[in-house]
Structure formats: C-alpha cells, structure tokens
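1. got a sequence here, can you model it:
(2 chains)
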Amino acid sequence: MSASQVIFYIIAAIIIGGGILAVTSRKIFRAAVFLLFSLLGIAALYFYLNYEFIAAVQIVVYVGGIVVLIIFSIFLTHASGDEMKKPVLWRSFFAGLAAVFATALTYLYITEHNFVANSAASVSPSVRNIGLQMLSTTEHGYILPFEVVSMLLLAALIGCIVIAIKIKTKE
Amino acid sequence: MNILLSYSFSSLAAYFHNWLQSIIGNGILLTITELVIVGVVLLVFLILLAFFLGYMERKVAAFMEIRLGPNRVGPKGTLQIVADTVKLLFKEGFTPDAADKFLFNLAPGIIITTALLAVAPIAFARGFQIWDINIGVLYISSISSMAVIGILMAGWSSSNKYSLIGAMRCGAQIVSYELSIGLSLVSIVVLTGSLSLNDIVESQANGWWIFKGHIPVMIAFVVFVIASTAEINRAPFDLVEADQELTGGFNTEYAGMKFAMFLMAEYINLFVVSAVAATIFLGGWMPFHIGGLTGFNHVMDYIPSSVWFFGKTLFIIFIIMQFRWTFPRLRIDQLLNLEWKYLLPISMVNVLLVTLMAIMGWHL
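-> Next up, the predicted model:
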C-alpha cells in the first residue's frame, strides 16, 4: 500500500468514524463536534485531491458556518448538557435497516457503473478557471445556476431582515 | 558582497534538503523526516515567539503607562516569561466535576491547532514558506473561521455561567468581524488578481499596496487592523474574557498548561494577523521599493528579506498592543454596532471603489 493510499484510508476513517459517532452520541453538543470532524475530513479529502478552492469553501461554509450555527442553536436550547434518552428499540431497528439498504443501494450503483475517463482536456481547478466558468454564458457555462442561487440567497437575506426587524410601536 | 546578497533562508532550506537527500536518499522516508523537522522547527520558533511577545506586551504596557514593567528576573526582566511558564507547568491541570470532560480537554487542542494551521502559508522570507498554496488568502480566512468553535467548546463544556456568556459573546463577535476582514482582503485580491500570498508579495515589487493603492487601500488596511484586533479577542474587543465582568470568560475554569495553550494560541493568532497584514498591505518580505528608482531599490535589497518581514510584522504587533492601553473596552451592543453599522458598509463601498480603481487602472 502506497503512502497516498494510507493517507486516503486515514481520511476516510475520520469521515466515517465522525459520522457514526455524530449519530450515536447521546450528548447533543458532542454530536455537533463529531459532525465537525466528519466535515473537516471531507475538506481533507478535497485537499488530498488537490481541489484547494473547494476544500477552503467546504471549511468556510460547513465548518465556519453550519457547525457554528448548530452550536449556537444548541446553546439556546434548554438543558442541552443532559444525556438524551435511549431511542426506542423499534425505531433504531428501522433506522439501522434504512442505513443497510442505503449502503447496499450505493454499493450496487458504484459496482454497476462503468467509470469512463473523460476524453476532454483537463482544466486545472484554479480559482481563475472556476470564476470564469461560473460566469460564462457559453454552452457549458454556469451563469444561470449562479444567478438563480444568488436570487435565492438574496431572498433568504431579505427574509431574515424582515423576521428580525423591530417595528417601533407608537405609544 | 554577492555571498551576502544571496544569503537567505531559502538557500539554507535548499542546503538542508540536499544534505538530507544525500544521507537518506529520495523516498517516503525523506518526506517524513522533512515534515518532522519542519514541524519541530515551527513549534520551537512559535514557542520562542510567544515568549518574546509576552515580554514585549508587558514592556509596551509599561511604556504606555510610564512605568518599568518586569525588571527583576534576569537582565531587564527578560526571564520573567520563563519563570511564568515554569509556574504554569507546575500548576495542577484541573477539570471541574460538572464539566463535559471530553470536550473540556479537547478545546485547548482545537484552539491551538487552528492557530498553528494558519501559519502554514505565510512567507517568512524570499522563497521560504511552509506551504505555497495557491489560495493562501482564502485558506487563512477559512482556518480562522474555525477558531470560534474551540472557544465555544471551551465556554460551554466548563459548565460555568460566566464561561458560557464569554463564549456566546465570542461567537457573535468573531462571526461578524470575519466579514470586514474578508472584504478588506478581497480589495487587495481584486488589485492583484490572485489569492496566492506569493503572487501578492511579488505584485508589490514596485511599491507596497498601501502606497500604490491610494486612499481606498489605506481604508482597507485600517478596517483590517480594527477587525482583526476584534477577531483575535484583544482589548478593546476582549469582551470574551473581560476579567472584571466575567472573571476570565471562556477560560475561567482552565489552569496550568491548558491555560498556557490558550495564551500561546492568542499570541500565535496575533502573529498571524500581523503577518497577513504585513504581507497583504506592506509587501511581506519585499524590501521598500519605489517604482522607477533602480539605484534606491538596489540599496534596499541589501537588507535581507526576513528582516523586512519581521520588521513589518513586529511594527503591526506594536500598533495592536498599543490599542490595548489606549481604548476602553466596548460594550457588546457597541461592538456589534461598530461592525454592522460602520465597518461593514464602509468596507463594502470600499471594495466597489477598489474594483473601479482596478478596472480603470488608476493604481500605480
């Protein structure tokens, strides 16, 4: 096994281990921390594949954004330090069943799918290329999804402001 | 004279690399050996740096308050920090009964790891850098967005009301001030057209951005220094650990070496933000050059690039240390007002101005 494979398996173990611990931990803050490790592992996987930009975005969005948001909501909940009750047996049974079937389905797809190498010339995943592609209006450009996502974010921002705004009541 | 000119950390690093290669030979062993050497050298450097900054902070404080500062242990009090470290080493590593022990002990590790990770892409001298990553600026800002998690973890797991309040304040503060930092970094990225710290330094060969970029870049520099002082929780933005109100904030329950790790992470963060400010706005290791004056530039090249880098970094650290003794601590609502009502709108308009400047080619 080469060094590269060793690194890959270490990263994969961190991702899967973090994910399993996140769903099995009975303290909610610990679950959030294990989720953090899992997401960091995915960022490490992007670094391993030399997708540095995506890796940094993964850290900014998921680790610096989503996990911090989750932790904040845990802070605001009542009795967040207590251990949660053990789940009912039939519920964990069906959850386990769902996990097994999902794994089997994914495994089936991976083994059935023929991975064909892309014949097109490879494009380096530099920030410049990503930016140009994002705003390109040609056939394989991403301008439409980009604009649609920006509209969605704008709507979300305005929604937040509307919820948070204080209307001064006249006395 | 040529030997003097060519002397640099990069040639030293290359010499070591060749020497190791001749002993071990190419292969995985060489890579691992070099990784270990880099890690050990970096840790030793940062510990010495934290010692130095601790001493410097006390001396700057004394200077601002017209007193002497530490002057008993060692010549001019230089060994004071060593004595303090020994004291911390002998203290009991205490964990409160009600604490979540796993998270309580993990938090200092997370904080120091994020601090160390952010050092990787910084160029200490010409061609002397741990990791020449092509998204350097984005990498540093993404890593520093992780620091808040360690503080939240420390504050929550102590199961102490004061710690929790400190952690909550910290979350609000770091998440908001990150925006201004990002926008002021974007203004230089727009002018350079690259996220790599090396490219940004190279682009300042004919003058540093703070001089080339006119007033908008100066505004960005001021915003960056203010916002990064808040990001690393230093006074006047130290509500996170405000000792008079919160008896120490998120690190109240920590003692001994765990507390020392928080302290060291604080100094490493101070070094990182100052080094980034020096690299982005003041040219990093690039000597003071004026476009067109070849003779003058040549004279400046005789000063080694590492001296330039550390000189600029220490200058910015000195400025940030002076803030602590100049301004009173802000209240939490004033802190958030400062960011959302002043710094953020200013830096947003500023980014537009810089973009206009870059498009029209008004910068030098």
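2. what residues are up against the residue nearest to residue B:165 when sequence neighbours are not counted?
-> Closest residue to residue B:165 apart from its sequence neighbours, by C-beta to C-beta, 6 or more residues apart in numbering or on different chains: residue B:246 at 6.0 Å. In this view, the C-beta of every residue, glycine as well, is placed from N, C-alpha and C. Residues near residue B:246 by C-beta atoms under 8 Å, 6 or more residues apart in numbering or on different chains: B:162, B:163, B:165, B:166, B:252.
3. one more: residue A:157?
-> With the criterion set at C-beta under 8 Å, 6+ apart, residue A:157 makes contact with nothing.
4. likewise residue B:279?
-> B:122, B:123, B:197, B:200, B:201, B:309.
5. which non-adjacent residue is nearest the last one?
-> Read that as residue B:309. residue B:285 (4.3 Å).
6. that neighbour is in contact with residue B:127, isn't it?
-> No - contact between residue B:285 and residue B:127 fails when scored by C-beta atoms under 8 Å: they sit 9.0 Å apart.
7. which of these two has more neighbours?
-> residue B:285 (25 against 16; other C-beta atoms under 10 Å in any protein chain shown).
8. which element is the more buried one on?
-> Using DSSP states H and E, residue B:285 sits within no helix or strand.
9. give the contact list for it.
-> Contact partners of residue B:285, counting by C-beta under 8 Å, 6+ apart, are B:123, B:124, B:125, B:126, B:201, B:305, B:306, B:308, B:309.
10. which pair in those residues has the greatest spatial separation?
-> Pairwise distances across these peak at 12.9 Å for B:201 and B:306 (criterion: C-beta to C-beta).
11. neighbour count for the two, which is higher?
-> residue B:201 (24 against 18).
12. so that one touches residue B:283, yeah?
-> Yes - with contacts counted by C-beta under 8 Å, residue B:201 reaches residue B:283, the gap being 6.5 Å.
13. neighbours of residue B:233, just the number please.
-> A count of neighbours around residue B:233, defined by other C-beta under 10 Å, yields 24.
14. that one touches residue B:263, doesn't it?
-> No - with contact defined as C-beta under 8 Å, residue B:233 does not reach residue B:263; the gap is 12.0 Å.
15. chain A contacts on the stretch 151-300 of chain B?
-> By the rule C-beta under 8 Å from any C-beta of the partner chain, the part of the stretch 151-300 of chain B lying against chain A is B:152, B:153, B:156, B:157, B:159, B:164, B:167, B:168, B:171, B:175, B:178, B:195.
16. if we use 6 Å, what do you get?
-> Contact residues, the stretch 151-300 of chain B versus chain A (C-beta under 6 Å from any C-beta of the partner chain): B:152, B:195.
17. the strands in the stretch 151-300 of chain B, which residues?
-> With strands called from DSSP state E, counting those that start in this stretch, the stretch 151-300 of chain B shows none.
18. so where's the stretch 1-150 of chain B uncertain?
-> Applying pLDDT under 70 to the stretch 1-150 of chain B flags residues B:1-8.
19. switch the cut-off to 50
-> B:1-6 (pLDDT under 50).
20. could you do the stretch 251-364 of chain B as well?
-> Nowhere does the stretch 251-364 of chain B drop to pLDDT under 50.
21. and the closest residue to chain A within it, how far is that from residue A:4?
-> Closest residue of the stretch 251-364 of chain B to chain A, C-beta to the nearest C-beta: residue B:340 (11.5 Å). Residue B:340 is 46 Å from residue A:4, where distance means C-beta to C-beta, to the nearest Å.
22. now do residue B:200
-> Between residue B:200 and residue A:4 the distance is 31 Å, computed by C-beta to C-beta.
23. which of the two has more neighbours?
-> A count of neighbours by other C-beta under 10 Å puts residue B:200 above the other of residue B:200 and residue A:4, at 26 against 9.
24. tell me how many other residues surround residue 68.
-> By default, I'm working from chain A. 21.
25. actually, chain B is the one I wanted.
-> The tally of other residues near residue B:68 (other C-beta under 10 Å) stands at 11.
26. then the one 3 residues further on?
-> Look at residue B:71: counted by other C-beta under 10 Å, it has 14 neighbours.
27. wait, doesn't it sit right on residue B:77?
-> Yes - applying C-beta atoms under 6 Å, one finds residue B:71 in contact with residue B:77, separated by 4.4 Å.
28. quick one on the thing from earlier: show me which pair in the contacts of residue B:279 is furthest apart.
-> For those, and using C-beta to C-beta, no pair is farther apart than B:200 and B:309, which are 13.3 Å apart.
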